[in-house]
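> curious how this folds, go ahead:
(2 chains)
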There are 2 protein chains.
Amino acid sequence: MAEVNRQWRLVRLVEGLPKPEDWRLEEEPVPDPPAGTFLARAIYLDVAPYMRARIAKVRNYVQGVQPGEVMIGGAVARIVASRAAGWKAGDLVVTDFGFGWQDYAVLRPEAVRRVDPALAPTETWLDVMGLNGVTAWFALFETGALRPGDRVLISAAAGSVGQLAGQLVRIAGAVPYAVASTAAKLAWCRELGFEAGIAHRDCSDLAGAIRTLLPNGVDLYLDNTAGPIHDAVLQNLAPRARIVVVGTVSLADRLGRPDIGPRFFREVLVARARIEGFLVLDFEKRWGEAWARLAELLRAGRIRTRYDIARGLERTPEAFLRVLRGENVGKQLVQVSEL
Amino acid sequence: MAEVNRQWRLVRLVEGLPKPEDWRLEEEPVPDPPAGTFLARAIYLDVAPYMRARIAKVRNYVQGVQPGEVMIGGAVARIVASRAAGWKAGDLVVTDFGFGWQDYAVLRPEAVRRVDPALAPTETWLDVMGLNGVTAWFALFETGALRPGDRVLISAAAGSVGQLAGQLVRIAGAVPYAVASTAAKLAWCRELGFEAGIAHRDCSDLAGAIRTLLPNGVDLYLDNTAGPIHDAVLQNLAPRARIVVVGTVSLADRLGRPDIGPRFFREVLVARARIEGFLVLDFEKRWGEAWARLAELLRAGRIRTRYDIARGLERTPEAFLRVLRGENVGKQLVQVSEL
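Below is the predicted model of the structure:
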């Protein structure tokens, strides 16, 4: 066991794109777990786009991280000392949010799930078997009301939610189409089973490209970006189209300036379309249902995954910024200690 | 019986606000009804905002009226000659769309409903007991998922759908708030039981005014207008807010130009709000359910109505244009013959 616990603490709330100096690495003694808790050491730390909103100055839907606090984040970790009945040193656990960017955390049993590597590979517990899995699942099958045959457009399709969602769409008998930034990402989407797609950085007429791809319109749009891609989709709605607003990453650099652009409410009315905001936390009591199905699909080899793993706690902010810049290939994790 | 059937025929498809010369009044012999049909003479003709989209050049959700055709519209009418079993001269009927702006029409029994003046006053059959009733009903109770206690904001609240919707909101144990153009219309809304409201022509900061009126946000917004009122509401969403897009009248003068303005998809995500387009035709098979309830409410004196009745078929285009300019006070009808 290391003598110290290294921790990334937030320096300031952030406007615009975060910079490496928005966190500082500090050291503390490794804590002793109080009765009813255990001490766990991180193996994989999660870094994900949602974390940006937790450190932003603007209003968000949950309590953010305050300056001086350890940065929020989930982890796959191994228990190193336990004072909680039923949990022992060596057990693998995962937390979705409550570990933090640090080597060690004191955790309560209610805050973790057991990781069973026989059920699904260890790294998937921060991805398909974690928040990405339940996000794709409930966004498609609950808010999105996916039905067989639906033509489903997914933005940020090569991202960790998008790539899983595309495969789930195919499994459910519907047809996934990708919007991704580059041709290379689009090629990966095609490998995963997306029917076709659009590389939007090379595309001067996104609305026209969607019309060519889907002349009868989009039945379901998994909106991970907002902004110009959303605008292009709203000009291509099939009757009863559903738009699930999962993320608004294209708006994140706006520093509080309003998002000005075309609105399409006549199109929404004519198509009787539905635009709905989605937060995976609203489905928290039902996450287990989705994970059970996702574990079956992983074991059956029906879901492919890809990981981009940085090594060393010191590289955590850098890995997070790679995600925000779209440079990662596959789900980004940080490996902090050996499995 | 008159010798001729006067008919308002469309001269051209319309861009922007229609003008009186977009229709011309023609005369034809009164037709003889073929077997299985009857001839009816109009008493009240309907004029309503939806008709504008039926004569517009831009794409719409249903087949429009073509130049040379009789203008679309519903009517309360009396049968003057019948060749349909079970229907006799003197019977009162109502059609929701299929009469047209004319003195006489040949109708099939499937296209009409019987008007029972003992059930509800004759003029209500083109209002509460007609399209306005089912629009307010299904927009609130189906697409809007109205629940007791909801704070419901209604735009064009003094319009024929808005004034009924406000009363239904109150009856259902929720709290209606009005947005109307003028203080005079707002006063009428208050008389009908709206809790409070905003006269938007006198208001320089609509978003701020809504915030003052509803500091905890809007639970349900019945959007009859789109445009700036919609924008102001989207800055004041309660968690799980529902926005039902019933009409987009503020966009109707745009002549195909895009509607450019602020978008609020981050707000939609954070509130997990739902924006949904609404077309009353989608609920056609269930209209009878709503009319049965509305008739009970009318008979119990729980719904107030107000009518603005023009006299004479020749004034039909003028009456329609009054509606489009918002000059009518109460539901606009045209009385063509005596009851």
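> next, give phi and psi for the residue nearest the centre of chain A.
Centroid-nearest residue in chain A: A:N132, 4.6 Å away (criterion: Cα atoms, centre = their mean). Note on A:N132: backbone dihedrals following degrees, to the nearest 10 are phi -60, psi -40.
> contact partners for it?
Going by Cβ atoms under 8 Å, 6 or more residues apart in numbering or on different chains, A:N132 touches A:48, A:160-161, A:164, A:331. Where you see a C-beta, it was placed from the backbone N, CA and C, and this is true even at glycine.
> kindly indicate which of those lies nearest B:A75.
Taking Cβ to Cβ as the measure, B:A75 sits nearest to A:V161 out of the contacts of A:N132, at 53.5 Å.
> related to what we said a few turns ago, gap between the residue nearest to the centre of chain A and chain B?
17 Å (Cβ to the nearest Cβ, to the nearest Å).
> and the pLDDT at that residue?
pLDDT recorded at A:N132 is 96.
> hmm, back to that, so which pair among the contacts of A:N132 is furthest apart in space?
Top of the distance list for the contacts of A:N132 (Cβ to Cβ): A:A48 and A:L164, 13.0 Å.
> compare neighbour counts for the two and give me the winner.
A:L164 (26 against 23; other Cβ atoms under 10 Å in any protein chain shown).
> how near is that one to chain B?
A:L164 is 19 Å from chain B, by Cβ to the nearest Cβ.
> can you tell me the SS state at the closest residue to A:P258 other than its chain neighbours?
Using Cβ to Cβ, 6 or more residues apart in numbering or on different chains and skipping residues adjacent in sequence, the residue nearest A:P258 is B:P262, 4.3 Å away. Classification of B:P262 using DSSP: H, G, I helix; E, B strand; the rest coil returns strand.
> and A:I309, by the same measure?
On the basis of three-state DSSP, A:I309 is classed as strand.
> okay but it is in contact with A:V329, surely?
No - between A:I309 and A:V329 there is no contact under Cβ atoms under 8 Å: 10.8 Å.
> do you have the helices of chain A handy? List them.
All helices of chain A, identified by DSSP state H, fall at A:50-54, A:131-138, A:160-171, A:183-192, A:206-213, A:227-234, A:265-271, A:287-299, A:316-324.
> counting neighbours, which bits of the second one end up buried?
This points to helix A:131-138. Using 16 or more other Cβ atoms under 10 Å in any protein chain shown as the test for burial, helix A:131-138 gives A:131-138.
> so which of those residues is the closest to A:A290?
Among the buried residues of helix A:131-138, A:W137 lies closest to A:A290 (Cβ to Cβ), at 3.9 Å.
> now for the closest one: which residues touch it?
Contacts of A:W137 (Cβ under 8 Å, 6+ apart): A:168, A:290, A:293-294.
> can I get those residues in CSV including distance to chain B?
Below are these laid out as CSV (distance: Cβ to the nearest Cβ, whole Å):
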residue, distance to chain B
A:L168, 21
A:A290, 18
A:R293, 23
A:L294, 23
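> could you dump those residues to JSON lines with neighbour count and distance to A:E15?
Shown next, in JSON lines, are those (neighbours: other Cβ atoms under 10 Å in any protein chain shown; distance: Cβ to Cβ, whole Å):
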{"residue": "A:L168", "neighbour count": "26", "distance to A:E15": "35"}
{"residue": "A:A290", "neighbour count": "22", "distance to A:E15": "35"}
{"residue": "A:R293", "neighbour count": "15", "distance to A:E15": "40"}
{"residue": "A:L294", "neighbour count": "25", "distance to A:E15": "36"}
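> the closest residue to A:G330 other than its chain neighbours - how many residues pack around it?
Spatially, and ignoring its direct neighbours in sequence, A:G330 is nearest to A:R306 (3.1 Å; Cβ to Cβ, 6+ apart). Look at A:R306: counted by other Cβ under 10 Å, it has 15 neighbours.
> now swap in the one 4 residues further on and tell me
The burial count assigned to A:A310 is 20, neighbours taken as other Cβ under 10 Å.
> am I right that A:A111 is in contact with A:W87?
No - assessed by Cβ under 8 Å, A:A111 is found out of contact with A:W87, at 11.6 Å.
> now do the contacts for A:A56.
A:13-15, A:64, A:252.
> which of the residues you listed sits closest to chain B?
Chain B has its nearest neighbour among the contacts of A:A56 in A:A252, at 8.9 Å by Cβ to the nearest Cβ.
> so how far is A:L324 from A:C189?
20 Å (Cβ to Cβ, to the nearest Å).
> neighbour-wise, which of these two wins?
Neighbours per residue (other Cβ under 10 Å) separate A:C189 from A:L324, with A:C189 holding more: 25 against 18.
> which ones are touching the more buried one?
Counting by Cβ under 8 Å, 6+ apart, A:C189 has contacts A:157-158, A:162-163, A:166, A:178, A:180, A:197.
> looking at these, which is nearest chain B?
Once Cβ to the nearest Cβ is applied, the member of those that ends up nearest chain B is A:G162, at 16.3 Å.
> can the buried residues of helix A:131-138 go into CSV with extra columns for distance to A:K19?
Listed next are those as CSV, based on distance: Cβ to Cβ, whole Å:
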residue, distance to A:K19
A:L131, 25
A:N132, 26
A:G133, 31
A:V134, 31
A:T135, 27
A:A136, 30
A:W137, 34
A:F138, 33
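> contacts only, for A:V161.
A:132, A:135-136, A:139, A:222, A:224, A:246-247.
> oh, I was asking about A:A319
A:47, A:310, A:328, A:332-334.
> just name the lowest-scoring one in the residues you listed, pLDDT-wise.
Among the contacts of A:A319, A:N328 has the lowest pLDDT, at 88.
> how about the helix or strand bottoming out on mean pLDDT in chain A: buried residues?
Using mean pLDDT, DSSP states H and E, the weakest-scoring helix or strand in chain A turns out to be strand A:259-263, at a mean of 84. Of the residues in strand A:259-263, A:259, A:261-263 count as buried by neighbour count, 16+ other Cβ under 10 Å.
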